[in-house]
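Peer 1: 3D model of this:
(2 chains)
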There are 2 protein chains.
Amino acid sequence: MAAPNHLLSGLRIVELSAFVAAPLAGATLASLGADVIRIDPPGGGIDIDRWPLHEGKSLYWAGLNQGKRSVTIDTRTDKGREQVTRLITAPGENAGIVLTNLAVGDWNSYSRLSQLRPDLVMLVVSGDRDGGTAVDYTVNAAVGFPWITGPASHDGPVNHVLPAWDAMTGFLAAMAILAADRHRRATGEGQLIELSLTDVGLSVAGSLGLLGEAVLNAEPRGRFGNHVYGTFGRDFATRDGRHVMVLALTPRQWGGLGEATALTGRMRELEEQGGFDFRREGDRWLGRQHICELLEGWIGERDLVEIRNSFESHGVLWGPYQTFKELVSNDPRASLANPMFAEVEHPGLGRYLTAGSPLRFSALAPVPPLPSPTLGQHTDEVLRELDLVREA
Amino acid sequence: MAAPNHLLSGLRIVELSAFVAAPLAGATLASLGADVIRIDPPGGGIDIDRWPLHEGKSLYWAGLNQGKRSVTIDTRTDKGREQVTRLITAPGENAGIVLTNLAVGDWNSYSRLSQLRPDLVMLVVSGDRDGGTAVDYTVNAAVGFPWITGPASHDGPVNHVLPAWDAMTGFLAAMAILAADRHRRATGEGQLIELSLTDVGLSVAGSLGLLGEAVLNAEPRGRFGNHVYGTFGRDFATRDGRHVMVLALTPRQWGGLGEATALTGRMRELEEQGGFDFRREGDRWLGRQHICELLEGWIGERDLVEIRNSFESHGVLWGPYQTFKELVSNDPRASLANPMFAEVEHPGLGRYLTAGSPLRFSALAPVPPLPSPTLGQHTDEVLRELDLVREA
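Peer 2: Residues are numbered from 1 along each chain as shown, chains lettered A, B, ... in the order given. Below you'll find the predicted structure:
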């Protein structure tokens, strides 16, 4: 759905995908105006009915395919493979880009496709670099986070529910496509880009210092529940049954927290007793249990509204926990008051609050939040365009 | 450290940053060869001593600043502001890009800087879109995941330890810079790009169908521990005290799991008794407790090595849980056997296993994993270059 006059208007990406990583990469580019054509088998791919559902229809599929064109082609047939091949290798400086996280066969390998269009850009997302199968949940298990996530008293691994590795991989894939497009514009050269979920997990764990820590330090990283490691931050329960996340990452935030709760003097006593200097985040970490005891009292004796007033007038870094229902019911950031959102009619699902790109580019109007296509909605349209291209 | 002949060689980004999102965006571009110059105050920014530490030195800072040049300038002084302004607005088609997640003042606002270089590209990461303070942990609290993460029996919120929203924001920011660079190359036009952590959290929750579900469905999303919602996946304990994540996202994986465990017949009985068809993932979800009981028995009676052999020979989608220590000690994917890694000497920390970019581009050699700079290591070098630019 190549919206005119958007940042990536005209850029065409053919997507052979399922689940999260490649679909999110495609949706990210589509949300900036690119013409992203997702190819599925007739009847839909493996994720066509993926939960969550609404009245039997997938909200997941709808969310991950916003703004794309949907084409159904049976790639088990020679004719289907020929059509997809022509679509991928069609001419044009804005075309010739393919994105996939499905198994690649001989017919759609980079070596074959790049014979037909030498400057092809092809991005392949895999599980493991060596071709081994891996998905977000097995990557997460492998890279160590489930043993440091969750209540400190819990004795098993705790999985993310958020498929964080998939989402990061999707955004990195979108970036990589633009990097390769940049290189192609400068040199005329296309290329194969490979990206595995496992390598994304490992590189991010490295960036956060967790691999270095595991190699260099004798002491393994512990599980600290909702404490933010190495500084001050934790959840607290309010008198009226809500929960708030409270942090102090900077000396100023620490000062504000003391003032907001009138606990500055008591915190000073703790510092003197324990030999701490809570302006240092390492000391806030080491003294966290004492700090938390004081805050548990202050927060537990107050309702959320009073806490909010005091925290906000003193520059405390904090926020209330919300369920997804509370988020969409009460938080203006998840409403039409936030221009990122619109009420969008999604075929088969109806009208609901839908986010567009979180990116705002000053030079161009944002692409409005777009509906998901119906499966195969653009098959005829895209094949017609392809014939026109062939005849031109 | 503009490595020659890499994908983004020559592209220069000035980074004013702390913590994760902007530093990771910069490191991501640096890992593809860009010359990323991080500016900090003398003595370092707020994150210079951020945990985890090794012998008092920050592994976090080292991880998030690999491959950059580090410059210290006091931006509280007029002279410092003048120097940073000149660095940001220096001429060249590959320059004029600034990335920040710090508070922007009058002196470094887009409106002022773009007067000096009209085609400036400036990306500003904020907490909330409206300027409100938010960090990964408060965004996570707001968007709903802590109430659906963690053991089903737990009655409070469970935070991610992985700062997933920060990391996603970093990768999206890197993508946005390349999108704006593309637009500038095509049109000559620069722009301000704004991106908030909260909007990233909301848009990803939307992409995954969670906002639509909260709006449309009466039933709130429950907390299901390590069960993967809507399909089959969960952790299991082995006889030898290990844990494995086991999934079946496709009919083929489901079939493989039955064969690997010789439980196909018992699973069929469950289907008949419960009216399920476990080839459908919705049915695997609805019947998950029964499925898990059978698998708990099979897996709990076996050691990891036996489970691995059987699962791998039947194409089961699974993976062992590993601590960070186990990961770097035992997993070849987190070792020099994976070409993404190298042993890198980081100043002040020594030599340790370090990841480069997870992206592999066939047209160009990968940038090898790079060390982090010492704070201010490149101050003189960069200021000299700036004088040369001014005199040229």
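Peer 1: alpha carbons only for contacts and neighbour counts from here, please
Peer 2: Noted.
Peer 1: what sits up against the strand or helix carrying A:Val36?
Peer 2: Element membership for A:Val36 (DSSP states H and E) is strand A:35-40. For strand A:35-40, the external contacting residues (C-alpha atoms under 8 Å, 6 or more residues apart in numbering or on different chains) are A:1-3, A:9-17, A:26-27, A:29-30, A:67-74, A:375-376.
Peer 1: for A:Gly105, helix, strand, or coil?
Peer 2: Classification of A:Gly105 using DSSP: H, G, I helix; E, B strand; the rest coil returns coil.
Peer 1: for it, give its distance to A:Thr75.
Peer 2: 10 Å (C-alpha to C-alpha, to the nearest Å).
Peer 1: the two - which one has more neighbours?
Peer 2: A:Thr75 (19 against 9; other C-alpha atoms under 10 Å in any protein chain shown).
Peer 1: the more buried one touches A:Pro41, doesn't it?
Peer 2: Yes: using C-alpha atoms under 8 Å, A:Thr75 is in contact with A:Pro41, at 6.9 Å.
Peer 1: gap between the strand holding A:Val36 and the chain center?
Peer 2: Distance, stretch centre to chain centre, for strand A:35-40: 20 Å (C-alpha atoms, centre = their mean, to the nearest Å).
Peer 1: hey, C-alpha coordinates of that strand in PDB?
Peer 2: Below are the C-alpha coordinates for strand A:35-40, written out as PDB (Å, rounded to 0.1, in the frame of the first residue of the first chain):
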ATOM      1  CA  ASP A  35       5.200  -1.200  -0.500                       C
ATOM      2  CA  VAL A  36       5.600  -4.400   1.400                       C
ATOM      3  CA  ILE A  37       4.100  -7.400  -0.400                       C
ATOM      4  CA  ARG A  38       3.600 -10.400   1.900                       C
ATOM      5  CA  ILE A  39       3.300 -13.700   0.000                       C
ATOM      6  CA  ASP A  40       1.400 -16.600   1.700                       C
END
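Peer 1: sheet partners, orientation included, of it?
Peer 2: Using DSSP bridges, strand A:35-40 pairs in its sheet with strand A:12-16 (parallel), strand A:69-72 (parallel).
Peer 1: need the ones you listed in CSV (columns: distance to A:Leu53).
Peer 2: As requested, these are exported to CSV (distance: least, C-alpha to C-alpha, whole Å):
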stretch, distance to A:Leu53
strand A:12-16, 23
strand A:69-72, 20
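Peer 1: take these and write them to TSV, including mean neighbour count and distance to A:Gly150.
Peer 2: Written out in TSV, the entries for the strands paired with strand A:35-40 read as follows (neighbours: other C-alpha atoms under 10 Å in any protein chain shown; distance: least, C-alpha to C-alpha, whole Å):
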stretch	mean neighbour count	distance to A:Gly150
strand A:12-16	26	36
strand A:69-72	24	40
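Peer 1: so which of the ones you listed gets nearest B:Glu189?
Peer 2: Nearest to B:Glu189 among these is strand A:12-16 (22.0 Å), distances taken as C-alpha to C-alpha.
Peer 1: and the next helix or strand past that closest one?
Peer 2: For strand A:12-16, the succeeding helix or strand toward the C-terminus, using DSSP H and E, is helix A:21-30.
Peer 1: for that following helix, what is the distance to the chain centroid?
Peer 2: Per C-alpha atoms, centre = their mean, the centroid offset for helix A:21-30 relative to its chain is 10 Å.
Peer 1: the bottom helix or strand of chain A by mean pLDDT?
Peer 2: Taking all helices and strands of chain A together, the one with the lowest average confidence (mean pLDDT, DSSP states H and E) is helix A:379-391, at a mean of 80.
Peer 1: can you give me the buried ones in stretch A:330-345?
Peer 2: Neighbour-count burial for stretch A:330-345, with 16 or more other C-alpha atoms under 10 Å in any protein chain shown as criterion, is recorded at A:Arg333, A:Ala334, A:Ser335, A:Pro339, A:Met340, A:Phe341, A:Ala342, A:Glu343, A:Val344.
Peer 1: filter those by proximity to chain B?
Peer 2: Among the buried residues of stretch A:330-345, the residues within reach of chain B (C-alpha under 8 Å from any C-alpha of the partner chain) are A:Ala334, A:Met340.
Peer 1: how far off centre is the helix or strand just after the strand holding A:Val36?
Peer 2: Moving toward the C-terminus from strand A:35-40, the first helix or strand encountered (DSSP H and E) is strand A:53-54. The chain centroid and the centroid of strand A:53-54 are separated by 21 Å under C-alpha atoms, centre = their mean.
Peer 1: just stretch A:105-124 next, same as before
Peer 2: Distance, centroid of stretch A:105-124 to centroid of chain: 27 Å (C-alpha atoms, centre = their mean).
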